[in-house]
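*Asks:* Predicted structure and sequence below. I'll ask about it afterward.
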Amino acid sequence: MSLKPFIKQLRHEALKILVPTVGITFFYGFGLTWRIRLLNPEQHQAWRAQYRNIIYVGWHEHVITSAWALRHRQIAILVSQSRDGEYLARLNRLLGFYSVRGSSSRGGMRGFLQLADALKAEHDVLFGGDGPKGPAHECKAGPALLAKHSGLPVVPIGGSVTRYRRLRNWDRTIIPLPFATITIKYGEPIFVPDTAEKEALFACQHQIADALNALTTEVEHHLVSKNAD
């Protein structure tokens with residue numbers, strides 16, 4: 001009898017423990033040394049007071065910094081239904097986030113409905129706008145569709161980091177190093193009419209992408225000017 005299935009299952013069970021343990025150690029070992037600088041905190045607080053909940057969207061490369069900046073919120077995050085997604089869901093739970101399982105290829109409608117339910121339950125939502133598999137910096141339909149369905153705004157997030165490394169994956173995820181400064185700016189809320197059809201939704205996707213690119217450029221320029229002072 002082949003031992004391969006047994007070894008594969010054993011590896012999976014080990015990773016279910018190892019990945020969340022390493023992840024939580026990283027976040028609180030490194031994360032507690034990070035400095036978060038918000039460029040428009042008063043505006044953000046005003047939007048938080050005005051709207052019941054918010055659909056936050058950032059580029060997937062900034063998923064770690066966006067999640068860390070929002071860690072004190074009741075955040076729901078879409079996580080794939082793969083085994084890797086299971087490890088991430090366990091880590092999210094340790095970090096206090098609410099994981100919704102689904103992706104564009106597997107369980108997409110189920111995940112969408114659960115995100116809508118999460119908004120009704122007074123969770124905010126955080127999207128990697130170009131996730132889960134890219135192409136990088138091409139906004140997917142999910143945020144605009146959820147905004148249309150819920151009537152709640154999309155708030156884009158721009159970020160930059162002073163000291164970091166990048167993973168060798170499709171979006172080259174940014175990993176902040178110890179004592180990095182993470183600069184964040186929240187963009188103006190974007191609403192999607194509940195009457196929006198295909199062309200209007202596509203235009204909203206481009207509006208979100210343009211806002212993310214403009215915010216990222218602005219925050220990076222702010223970082224350069226700070227370093228020059």
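*Replies:* Cool, got the structure.

*Asks:* Now do the contacts for A200.
*Replies:* By Cβ atoms under 8 Å, 6 or more residues apart in numbering, A200 lies in contact with 192-193. (Each C-beta comes from the backbone N, C-alpha and C, glycine too.)

*Asks:* how near is it to G129?
*Replies:* Per Cβ to Cβ, to the nearest Å, A200 is found 18 Å from G129.

*Asks:* ditto for A118
*Replies:* Distance, A118 to G129, using Cβ to Cβ: 18 Å.

*Asks:* and what of E42?
*Replies:* Separation of E42 from G129 (Cβ to Cβ): 25 Å.

*Asks:* Pick out whichever of the two has more residues nearby.
*Replies:* Set E42 next to G129 and count neighbours by other Cβ atoms under 10 Å: G129 wins out with 25 against 8.

*Asks:* quick check: mean pLDDT across the longest strand seen in the chain?
*Replies:* As assigned by DSSP state E, the longest strand anywhere in the chain is strand 154-161. Mean pLDDT, strand 154-161: 97.

*Asks:* Over to stretch 178-194?
*Replies:* 97.

*Asks:* Kindly check the end-to-end length of that stretch for me.
*Replies:* Distance between the boundary residues of stretch 178-194 (Cα to Cα, to the nearest Å) amounts to 44 Å.

*Asks:* where do the strands sit along the protein?
*Replies:* Taking DSSP E as the criterion, the chain contains strands spanning 35-38, 55-58, 75-79, 98-101, 124-128, 154-161, 164-166, 174-176, 181-186.

*Asks:* quick one: low-confidence ranges for the protein?
*Replies:* Applying pLDDT under 70 to the chain flags the ranges 1-3, 6, 103-107, 227-229.

*Asks:* mind listing the helices for it?
*Replies:* Counting by DSSP state H, the chain has these helices, from start to end: 4-31, 41-50, 63-69, 83-95, 108-120, 142-150, 198-228.

*Asks:* Hey, what's the angle from the longest one to helix 142-150? Just curious.
*Replies:* If I follow you right, that is helix 198-228. 120 degrees (axes from the mean of the first three to the mean of the last three Cα atoms, to 10 degrees).
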